[in-house]
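A.B. asks: here is my input; please provide its structure:
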Amino acid sequence: MFKVYIDGQEGTTGLKILERFKNRNDIELLRIDEDKRKDNDERKKMINSSDFTFLCLPDAASREAVAMADDKVRIIDASTAHRTNPDWAYGFPELGKDFREKIAKSNRVAVPGCYASGFISMVYPLVKLGILPKDYPVSAHAVSGYSGAGKKAIAVYESADRPADFDSPRQYALTQQHKHLPEMQKICGLEYAPTFNPLVCDYFSGMVVSLPLHTRLLTKKYSADDIRKELTEYYADSFFVMVKPEDEPQDGFIGANNLSGTNFMEIFVNGNDERLIINSRLDNLGKGASGAAVQCLNIMMGIDEKSGLI
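C.D. replies: Here you go, the predicted model:
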């Protein structure tokens, strides 16, 4: 039985990982005393007593935790700290056999960001397949539930006397310095960082990331059917990532919270001869955070990657 420790288990991602471990009998969860959660000596002891440690922490604290860990401890980091580090495996196994193999073998795995997961699920294969030029002026729009905004923001959203503007979608990252942009660019191999327009909205969890494309700027003329077929073949062996058929969405609307509570991701391809819109729908706390982290653990353990996730 593997020993597992969650450093930062009181945060949103940590709590969701704990939920996914409820019926697991193949792991032993190590628990730190509540009054010692910030005691570095005790944290170090817990980390190095584990076979696997999840880091659900701010970036600086994650780097601190990694410095405490022995090489034998296998780290799964849900922070932004190591996502562009080539020495770490990037925890998105559906992107290719090389990603999956590196996750399986590595002692250091960085879990993708939630927005980045949706973005990369579309852009990475399009670049790899030679459909989207690396110098394409990529832009992306996204809407997310407020659960990804952190404990303080969640408390404001759920308070009875919240400000009126919290009743509406709220655009942010206006300086184009969103923390997910470096991994979005690097993992996809883009020459330029994308323009990114995220909005946090008044519902708990789930997100849609949208990629608008001009067909005249692609490497050749592609229709929505062409790209749907390419992406369907690309993800044909994936259990959690699925490309929806031509008649989806049937009512012309893509809700953002349909996959809340799951580890699934759905990709939609629509448009016309001149302009296409590709959308990736996922749960920001599932495939965008804790679900992806548990999926990586399963792969690292050499067991069915669906364990605890369906």
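A.B. asks: list the contacts for the residue nearest to residue 286 when sequence neighbours are not counted?
C.D. replies: Take residue 286 and drop its neighbours on the chain: the residue closest to it by CB to CB, 6 or more residues apart in numbering is residue 263, 4.7 Å away. C-beta: built from backbone N, CA, C; applies to glycine. By CB atoms under 8 Å, 6 or more residues apart in numbering, the contact set of residue 263 is 240, 283, 286, 287, 291, 292, 294, 295, 309, 310.
A.B. asks: right, and the helix or strand after the lowest-mean-pLDDT helix or strand in the chain?
C.D. replies: For the chain, counting by mean pLDDT, DSSP states H and E, helix 151-157 ranks last in confidence among helices and strands (a mean of 91). Next helix or strand after helix 151-157 toward the C-terminus (DSSP states H and E): strand 170-171.
A.B. asks: got the phi and psi for residue 214?
C.D. replies: As for residue 214, its main-chain torsions (degrees, to the nearest 10) stand at phi -100, psi 120.
A.B. asks: can you give me the neighbour number for residue 173?
C.D. replies: Counted with other CB atoms under 10 Å, the neighbours of residue 173 add up to 17.
A.B. asks: mind checking the end-to-end distance for stretch 265-283?
C.D. replies: 8 Å (CA to CA, to the nearest Å).
A.B. asks: pull out the buried residues from the least confident helix or strand of the chain.
C.D. replies: For helix 151-157, a neighbour-count test (16 or more other CB atoms under 10 Å) marks 154, 157 as buried.
A.B. asks: next: stretch 4-20.
C.D. replies: Buried positions in stretch 4-20, judged by neighbour count with 16+ other CB under 10 Å: 4-9, 11-14, 16-18, 20.
A.B. asks: quick one on the thing from earlier: greatest separation within the contacts of residue 263: which pair is it?
C.D. replies: Largest separation among the contacts of residue 263 by CB to CB: 292 and 310, giving 14.1 Å.
A.B. asks: more neighbours: the two, which one.
C.D. replies: Using other CB under 10 Å as the criterion, residue 292 and residue 310 rank with residue 292 on top: 30 against 10.
A.B. asks: not counting sequence-adjacent ones, nearest residue to that one?
C.D. replies: Nearest residue to residue 292, sequence neighbours excluded (CB to CB, 6+ apart): residue 111, at 5.2 Å.
A.B. asks: now the residue nearest the centre of the chain. Its backbone dihedrals?
C.D. replies: Closest residue to the average C-alpha location of the chain: residue 288 at 2.9 Å, with CA atoms, centre = their mean. Residue 288 adopts backbone torsions of phi -90, psi 0, taken as degrees, to the nearest 10.
A.B. asks: is it in contact with residue 118, as I believe?
C.D. replies: Yes - with contact defined as CB atoms under 8 Å, residue 288 reaches residue 118; the gap is 7.3 Å.
A.B. asks: can you list residues touching both of the two?
C.D. replies: Counting by CB under 8 Å, 6+ apart, the residues touching both residue 288 and residue 118 are 207, 282.
A.B. asks: tell me which of the buried residues of stretch 4-20 is nearest to residue 41?
C.D. replies: residue 7 (13.5 Å).
A.B. asks: report the rounded mean pLDDT for the longest helix seen in the chain.
C.D. replies: Longest helix in the chain, counting residues (DSSP state H): helix 114-128. In this model, helix 114-128 has a mean pLDDT of 98.
A.B. asks: on that earlier part again, turn the buried residues of stretch 4-20 into a markdown table, including secondary structure.
C.D. replies: What follows is those, written out as a markdown table (DSSP: H, G, I helix; E, B strand; the rest coil):
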| residue | secondary structure |
| --- | --- |
| 4 | strand |
| 5 | strand |
| 6 | strand |
| 7 | strand |
| 8 | coil |
| 9 | coil |
| 11 | coil |
| 12 | helix |
| 13 | helix |
| 14 | helix |
| 16 | helix |
| 17 | helix |
| 18 | helix |
| 20 | helix |
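A.B. asks: adding pLDDT and distance to residue 211, write those out as CSV.
C.D. replies: Shown next, in CSV, are the buried residues of stretch 4-20 (pLDDT from 0 to 100; distance: CB to CB, whole Å):
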residue, pLDDT, distance to residue 211
4, 97, 35
5, 97, 37
6, 97, 33
7, 96, 34
8, 92, 31
9, 86, 34
11, 88, 29
12, 90, 26
13, 94, 25
14, 93, 30
16, 95, 26
17, 96, 29
18, 94, 33
20, 94, 29
